[in-house]
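A.B. asks: how does the following fold in three dimensions:
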Amino acid sequence: MTSERGTLFLWIYLPGETSPVVAGRLDVDHTVAGSVGRFAYGRSYLDRPNAIPLDPVILPLNLNEFTLTALKGFPGVVLDACPDRWGKRVIHRLYGAQIDPEGYLLLNDPGRAGALAFSRSPNELPVELSSREFSLKELLTATIAVEADQEVAPELLRALHPGTGGARPKCNVVDHDGVWIAKFPSIVDPPWVSIPRLEHGTMRLGQKCGINTARTRLEVVDGTDVCLVKRFDREVRDGQVVRHGYVSARTVFYSDQNFAKYGVESYGRLSTWMTRYGCQSNEREQLFRRMVFNVAVRNSDDHDLNHGLVQVNSSQYRLAEAFDVLPVLTPHSIHQHALVIGETAAGTVSNLVSSAAAFGLLRSQALEIVADVQKLVKTYWQETFYEAGLGDEEIRRLEPCFREIPAHQVER
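C.D. replies: Reported below is the predicted structural model:
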């Protein structure tokens, strides 16, 4: 049996620090029988008075060697720092295809999620991709060129921050108010509606419905809309960017070594298991309200990487603000959601309230939240999208996305 070993040294930006320290070593053996990861913290890291676990559930602070067989041997928190489709596309233009995920992780980028960095040696400080600052207009032009397979200067490609997750064109920008993800239109977007403006409006609607959404603002660059989303795992202090730990819902699911046997990613399981990370009862109720809102606005692309937890202290996380929330424009009377809702993935009232207990709610409480969210969506959706700058024809075509949630799944 042949095997190939990949070694990564994991670095972390400790709370309040702007330079990383090495935390431990990850060895992943890739064999024909599967991949096995082994991680151990460095003794010098454990001796630090301010040391914190990379993941308090699956990688608690101790001298043990942790064995990982799920997710190809990689801790979920490590994969959360890996670029997604957009970032990999940009990296391919810069450096060619990389070994997945090690090669992409080693191309450290300040745009990646969370507070980790990577190197091949404990004496090799992670070097981040860097470039000079570019205007939103220049960055927008670059994203269009990348999608069209046209030439783009390497420094401008690096400025697109390929470490940022997701499939759509985006990059990070920093101003006096913090760190933002600039989300650009795509050449494959429908011609009749501005997706950045639609996302901005949907996030504003979420706020009116009691959803804790990330801050957004809309910028218009030479007539083209760009939606800026405030990052919740970054803040600017005294002109320096400080990073906060982050784990995705996928990482929460795989914090149970037996999860691969279940294979079902659901809102209810996320609610139950996020308590392992110190999340409070009010955050579980907020997740339920978010689930209802996603159904009410037909946001069925609510997969495990579109939910997460942000680190509060060494052992406690909180539910991250909602992000990547916008309607799926393909019309269906009942949408099938990426995370399972209740007993199925169907967006119906009966299915929403079937898992109320998993959120610490009574069925009557769950029904009240469903009724409240539906009422608020009905009251405010048109007004909110008009405020976001959409016109009468766009509002008319969006109407199917905001119809009342069906009561039940109709058997055929």
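A.B. asks: quick one: list the elements packing against the helix or strand of the chain with the lowest mean pLDDT.
C.D. replies: Sorting the helices and strands of the chain by mean pLDDT, DSSP states H and E puts helix 259-262 at the bottom, at a mean of 82. Helices and strands touching helix 259-262, as assessed by 3 or more C-beta pairs under 8 Å, 6 or more residues apart in numbering; DSSP states H and E, are absent. C-beta: built from backbone N, CA, C; applies to glycine.
A.B. asks: got a list of contacts for it?
C.D. replies: Thr69, Ala70, Phe253, Tyr254, Arg269 (C-beta atoms under 8 Å, 6 or more residues apart in numbering).
A.B. asks: if any of these are buried, put those into a ChimeraX selection.
C.D. replies: To isolate the buried members of those in ChimeraX, using 16 or more other C-beta atoms under 10 Å:
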select :70,253,254,269
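A.B. asks: would you list the contacts of helix 259-262 in a markdown table and tack on secondary structure, pLDDT and distance to Arg217?
C.D. replies: Output for the contacts of helix 259-262, formatted as a markdown table (DSSP: H, G, I helix; E, B strand; the rest coil; pLDDT from 0 to 100; distance: C-beta to C-beta, whole Å):
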| residue | secondary structure | pLDDT | distance to Arg217 |
| --- | --- | --- | --- |
| Thr69 | coil | 91 | 43 |
| Ala70 | coil | 91 | 38 |
| Phe253 | helix | 96 | 32 |
| Tyr254 | coil | 95 | 34 |
| Arg269 | helix | 95 | 34 |
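A.B. asks: element containing Glu235, please.
C.D. replies: strand 234-237 (DSSP states H and E).
A.B. asks: for that strand, what is the distance to the chain centroid?
C.D. replies: 18 Å (C-alpha atoms, centre = their mean, to the nearest Å).
A.B. asks: after it, next one along is what?
C.D. replies: The helix or strand immediately downstream of strand 234-237 is strand 240-243, counting by DSSP H and E.
A.B. asks: counting contacts, what elements does that next one pack onto?
C.D. replies: Contacts defined by 3+ C-beta pairs under 8 Å, 6+ apart place strand 240-243 against strand 234-237.
A.B. asks: Ser119 reaches Thr7, doesn't it?
C.D. replies: No - using C-beta atoms under 8 Å, Ser119 makes no contact with Thr7, being 9.9 Å away.
A.B. asks: which one of these two is surrounded by more residues?
C.D. replies: Ser119 (20 against 12; other C-beta atoms under 10 Å).
A.B. asks: Throw the contacts of helix 259-262 into JSON lines and include distance to Arg231, thanks.
C.D. replies: Shown next, in JSON lines, are these (distance: C-beta to C-beta, whole Å):
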{"residue": "Thr69", "distance to Arg231": "32"}
{"residue": "Ala70", "distance to Arg231": "28"}
{"residue": "Phe253", "distance to Arg231": "23"}
{"residue": "Tyr254", "distance to Arg231": "24"}
{"residue": "Arg269", "distance to Arg231": "26"}
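A.B. asks: flag the shaky bits of the protein, pLDDT-wise.
C.D. replies: Within the chain, the stretches with pLDDT under 70 are 1-5, 409-412.
A.B. asks: how is it divided into domains?
C.D. replies: By the record's domain assignment, the chain is partitioned as 3-119, 136-230, 244-402 (automatic domain parsing).
A.B. asks: and the first one, how far out from the chain's middle?
C.D. replies: I take that to be domain 3-119. That offset, for domain 3-119, works out to 17 Å (C-alpha atoms, centre = their mean).
A.B. asks: mind putting the domains of the chain in JSON lines, distance to Glu128 included?
C.D. replies: Shown next, in JSON lines, are the domains of the chain (distance: least, C-beta to C-beta, whole Å):
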{"stretch": "domain 3-119", "distance to Glu128": "5"}
{"stretch": "domain 136-230", "distance to Glu128": "9"}
{"stretch": "domain 244-402", "distance to Glu128": "17"}
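A.B. asks: identify whichever of those lies nearest to Arg237.
C.D. replies: Smallest distance to Arg237 across those (C-beta to C-beta): 7.8 Å, for domain 3-119.
A.B. asks: got the contact list for Gly223?
C.D. replies: Gly223 sits in contact with no residue, where contact means C-beta under 8 Å, 6+ apart.
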